[in-house]
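**Q** Below are the sequence and a predicted model for it; my questions follow.
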Amino acid sequence: MATSSTIPTSASGILRSFPRLGARRLLVLGGLSLFLAGTLLGDVFAIFILHPNADRIGQALAAATAAVRQHRPEAAGNSFEEIGGFLENRGTKVDAHTHMIGFGYLAMLLAILFPWIRLSERASRRLAVLLISGGVVLPVGVFAIHYVGLAYSPLESIGWASIVADAGGLLVVVACAGFLAGLWRGWCTGEPGVQAGARTDDDDALLRERSWAGRVLMAGGTLLILAGLLHGAWFAGVDLYAQEKQDHDLLATMAESAALDPGPGVIPERAGAALNAYGMLQADHAVKIAAHSHVIEFGLIALMAGFFQPFIFLSEKWKRGWAVVLLAGSVVLPVAVLAELRFGLVAGGVADAGGALVIAALAGMLAGMFRYTGRLDALGDSATGGRP
């Protein structure tokens, strides 16, 4: 594939700004990889776990209502334990997905701010490794909580998976504290760059380059974030409080109807209607929250990807193509999620296809970044005669 996006002629300055195994390179590649992995996990979760899990929760809630009506407290307790297990299964997957994406945002944001972080390259590299390591360890630990539980745990209520997740969070906290200290030092001195081999503003000219793809991603990302915030404000003002009241009323209706005893094996009509309405209410709440959060997430990644277009060693045609694919998927997924209640699995399949577009675009951009770093290293080797 031809590449019109070539490395600038001031290779020495670029190499100092984006050195081999340097902190900034680790933050860029690690951050985008975390976001790609988190998005892939979310798409797989939505396809294979989300809908079956929701059906099981509904069945368990119906069984609990019937057990209460039949005065079988043990069966009702077992049903609620099953509901708790299903919710934990769902919650740990969602938490792992969102944390991985959040740490990807953080790493890419630090890469953008890197010229203003006044630390030695060695210290910055160690902090970058801590951040990326914590960004992997915490989601993996959270993902494993449902499967590991409290087995062989030295603590009464915290399992090994939770301990590992907390350790990963501690790594991220330490890394963020270190980078924040470097940012504070840079702000106090008023000088950008790294103490050892300080970069000048010209050395970081790549971040000031704005191609068509970069401008479109920044503009599209900003519009997506605005759309997500407006949708969230509308949902909070119009639906949220009404849904909370309806939630309370339906649960009260189910509890009251469960006390009636029309006969063995018979569910009171009022209880069945309340149960169905409760399921639809929870589904409506879930799809609106999911659409709101996903459109903001994709807006942020599009905005950040716009900054890093100069680091993608692909032809302008391919860069424009991946930018359009990313924005298209970022619109298709949340819109299809909102339509799931009306169109069911068809809309769910369209939403999964939108997620696949986002994943493909991020994978293409990440491949271009790896090509860019390989080209940089080749230029560095040729400039030094092959010496490291």
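**A** Perfect, thanks for sending it. Small disclaimer: the values here were computed from a predicted structure and weren't measured.
**Q** C-alpha from now on. contacts and neighbour counts both.
**A** Noted.
**Q** What number of residues are in the vicinity of residue 378?
**A** The tally of other residues near residue 378 (other C-alpha atoms under 10 Å) stands at 13.
**Q** same question but for residue 45, I mixed them up
**A** When counting by other C-alpha under 10 Å, one arrives at 16 neighbours for residue 45.
**Q** And the one 4 residues further on, by the same measure?
**A** Around residue 49 there are 15 other residues, counting by other C-alpha under 10 Å.
**Q** Can you report how many residues neighbour the closest residue to it other than its chain neighbours?
**A** Once flanking residues are discounted, residue 49 sits nearest to residue 90: 7.7 Å by C-alpha to C-alpha, 6 or more residues apart in numbering. Burial of residue 90 is recorded as 18 neighbouring residues (other C-alpha under 10 Å).
**Q** try residue 184
**A** Residues within reach of residue 184, counting by other C-alpha under 10 Å, total 15.
**Q** from the chain's centre, how far out does the helix or strand hosting residue 65 sit?
**A** Counting by DSSP states H and E, the secondary-structure element that holds residue 65 is helix 51-69. Its chain's average C-alpha position is 30 Å from that of helix 51-69, according to C-alpha atoms, centre = their mean, to the nearest Å.
**Q** Can you spell out which helices and strands pack onto it?
**A** Using 3 or more C-alpha pairs under 8 Å, 6 or more residues apart in numbering; DSSP states H and E as the contact definition, the elements that helix 51-69 packs against are helix 73-113, helix 241-258.
**Q** Go ahead and produce PDB holding the CA coordinates of it.
**A** Taking only C-alpha atoms (Å, rounded to 0.1, in the frame of the first residue of the first chain), the coordinates of helix 51-69 have been written out as PDB:
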ATOM      1  CA  HIS A  51     -29.200 -10.700  26.000                       C
ATOM      2  CA  PRO A  52     -29.000 -14.300  27.400                       C
ATOM      3  CA  ASN A  53     -28.200 -12.900  30.800                       C
ATOM      4  CA  ALA A  54     -31.200 -10.500  30.700                       C
ATOM      5  CA  ASP A  55     -33.500 -13.400  29.900                       C
ATOM      6  CA  ARG A  56     -32.100 -15.400  32.800                       C
ATOM      7  CA  ILE A  57     -32.700 -12.500  35.200                       C
ATOM      8  CA  GLY A  58     -36.300 -12.200  34.000                       C
ATOM      9  CA  GLN A  59     -36.900 -15.900  34.600                       C
ATOM     10  CA  ALA A  60     -35.300 -15.800  38.000                       C
ATOM     11  CA  LEU A  61     -37.400 -12.800  39.000                       C
ATOM     12  CA  ALA A  62     -40.600 -14.600  37.900                       C
ATOM     13  CA  ALA A  63     -39.600 -17.600  39.900                       C
ATOM     14  CA  ALA A  64     -39.000 -15.500  43.000                       C
ATOM     15  CA  THR A  65     -42.400 -13.900  42.600                       C
ATOM     16  CA  ALA A  66     -44.100 -17.300  42.300                       C
ATOM     17  CA  ALA A  67     -42.100 -18.600  45.300                       C
ATOM     18  CA  VAL A  68     -43.200 -15.700  47.500                       C
ATOM     19  CA  ARG A  69     -46.800 -16.200  46.500                       C
END
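**Q** pLDDT on that helix, on average?
**A** In this model, helix 51-69 has a mean pLDDT of 75.
**Q** tilt between it and helix 73-113?
**A** For helix 51-69 against helix 73-113, the angle by axes from the mean of the first three to the mean of the last three C-alpha atoms, to 10 degrees is 150 degrees.
**Q** buried ones in helix 51-69?
**A** Neighbour-count burial for helix 51-69, with 16 or more other C-alpha atoms under 10 Å as criterion, is recorded at 53-54, 57-58, 60-69.
**Q** Could you export the helices and strands packed on helix 51-69 as CSV, including mean pLDDT and distance to residue 29?
**A** Putting those into CSV (pLDDT from 0 to 100; distance: least, C-alpha to C-alpha, whole Å) gives the following:
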stretch, mean pLDDT, distance to residue 29
helix 73-113, 88, 8
helix 241-258, 76, 42
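**Q** Pick out the residue nearest the middle of the chain.
**A** residue 101 (2.8 Å; C-alpha atoms, centre = their mean).
**Q** who's in contact with that one?
**A** Residue 101 makes contact with 34, 35, 36, 37, 38, 39 under the criterion C-alpha atoms under 8 Å, 6 or more residues apart in numbering.
**Q** As JSON lines, the residues you listed with distance to residue 148 and secondary structure would be great.
**A** Converted to JSON lines, the contacts of residue 101 look like this (distance: C-alpha to C-alpha, whole Å; DSSP: H, G, I helix; E, B strand; the rest coil):
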{"residue": "34", "distance to residue 148": "23", "secondary structure": "helix"}
{"residue": "35", "distance to residue 148": "25", "secondary structure": "helix"}
{"residue": "36", "distance to residue 148": "26", "secondary structure": "helix"}
{"residue": "37", "distance to residue 148": "22", "secondary structure": "helix"}
{"residue": "38", "distance to residue 148": "21", "secondary structure": "helix"}
{"residue": "39", "distance to residue 148": "24", "secondary structure": "helix"}
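**Q** rewinding a little: didn't the residue nearest to residue 49 look like it was pressed against residue 51?
**A** No. The pair residue 90 / residue 51 is not scored as a contact, 10.2 Å apart, by C-alpha atoms under 8 Å.
**Q** got the buried residues for stretch 38-49?
**A** Judged by neighbour count (16+ other C-alpha under 10 Å), stretch 38-49 contains these buried residues: 38, 39, 40, 41, 42, 43, 45, 46.
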